[in-house]
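Visitor: take a look and give me a structure for this.
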Amino acid sequence: MGQSSTPHPELHEMLQRCQGRLLARIRWMLGERARQTAETADFLAWMSIKLLESADHLRWHDETHFLNLATRVARHQLVDRQRRHRAERFVHFTTALGLATTDTAPEAELEGDEQVDHLLAALESLPANYQRVIELRHFDEMSFADIAATMGGTENSVEILHRRAVAKLGRLLGPRSDLGEA
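Guide: So this is what the prediction gives:
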């Protein structure tokens, strides 16, 4: 009767005590876009669920240790999310180039894989700055202004670099490529 009905009350208490600091750390890890959305609260909720699922195996000796543990869980979630997002962007990119197939026949899938291998080889053969501008624009979905800030230079110079990179990639891939300005 005297026990709390909430499993792992010490974990709930620690989550409550560290909530503000955890939100701040998650915002920092997510970056600027997260400051404009409610995404941080979603990550905090997800992280709390993961911690509760693992509560029987978690041990911490003070608040700082707990905060570091929780931050590690959040960081792993962010890395997984980024990997999934980049994989989705790669599929979109290959579709824009006409390399993706919806045909599930083994022969079609093999041909699609060969075309993706060709794309990857072509990307790898580009100069490093061309690779970077294509990566930032098409996989990270950054604006030209953000790319300019990241790579150093003006927005206009980045747009020119992007056009040259896309043109060179198009020449390497042949006539079926259509990157456009996506």
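
Visitor: now do the SS call for residue 61.
Guide: coil (DSSP: H, G, I helix; E, B strand; the rest coil).

Visitor: now do the phi/psi pair for it.
Guide: phi -110, psi -10 (degrees, to the nearest 10).

Visitor: and for it, the neighbour number?
Guide: 7 (other CB atoms under 10 Å). (Glycine included, C-beta is placed from N, CA and C.)

Visitor: from residue 14, how far off is it?
Guide: 12 Å (CB to CB, to the nearest Å).

Visitor: same check, this time on residue 114
Guide: Taking CB to CB, one finds residue 114 at 52 Å from residue 14.

Visitor: quick one: which of these two has more around it?
Guide: For residue 114 and residue 14, the more surrounded residue by other CB under 10 Å is residue 14, and the numbers stand at 21 against 11.

Visitor: got the contact list for the residue nearest to that one when sequence neighbours are not counted?
Guide: In space, residue 14 comes closest to residue 66 once its chain neighbours are excluded; the distance is 5.0 Å by CB to CB, 6 or more residues apart in numbering. Residue 66 makes contact with 14, 18, 60, according to CB atoms under 8 Å, 6 or more residues apart in numbering.

Visitor: so where does residue 66 fall, helix or strand?
Guide: According to DSSP states H and E, residue 66 maps onto helix 63-96.

Visitor: run through this structure and note the low-pLDDT ranges.
Guide: For the chain, the stretches flagged by pLDDT under 70 are 1-6, 31-38, 96-113, 175-182.

Visitor: center of it - which residue?
Guide: residue 82 (1.9 Å; CA atoms, centre = their mean).

Visitor: next, residue 13: secondary structure please.
Guide: helix.

Visitor: nope, residue 45 is what I was after
Guide: Strictly by three-state DSSP, residue 45 counts as helix.

Visitor: relative to residue 17, how far out is it?
Guide: When residue 45 is compared with residue 17 (using CB to CB), they lie 17 Å apart.

Visitor: now do residue 130
Guide: 49 Å.

Visitor: of these two, who's got more company?
Guide: residue 130 (19 against 13).

Visitor: now do the same contact list for the more buried one.
Guide: 161, 164-165, 168-169.

Visitor: Throw those residues into a markdown table and include distance to residue 51 and secondary structure, thanks.
Guide: Output for these, formatted as a markdown table (distance: CB to CB, whole Å; DSSP: H, G, I helix; E, B strand; the rest coil):
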| residue | distance to residue 51 | secondary structure |
| --- | --- | --- |
| 161 | 44 | helix |
| 164 | 48 | helix |
| 165 | 43 | helix |
| 168 | 48 | helix |
| 169 | 44 | helix |
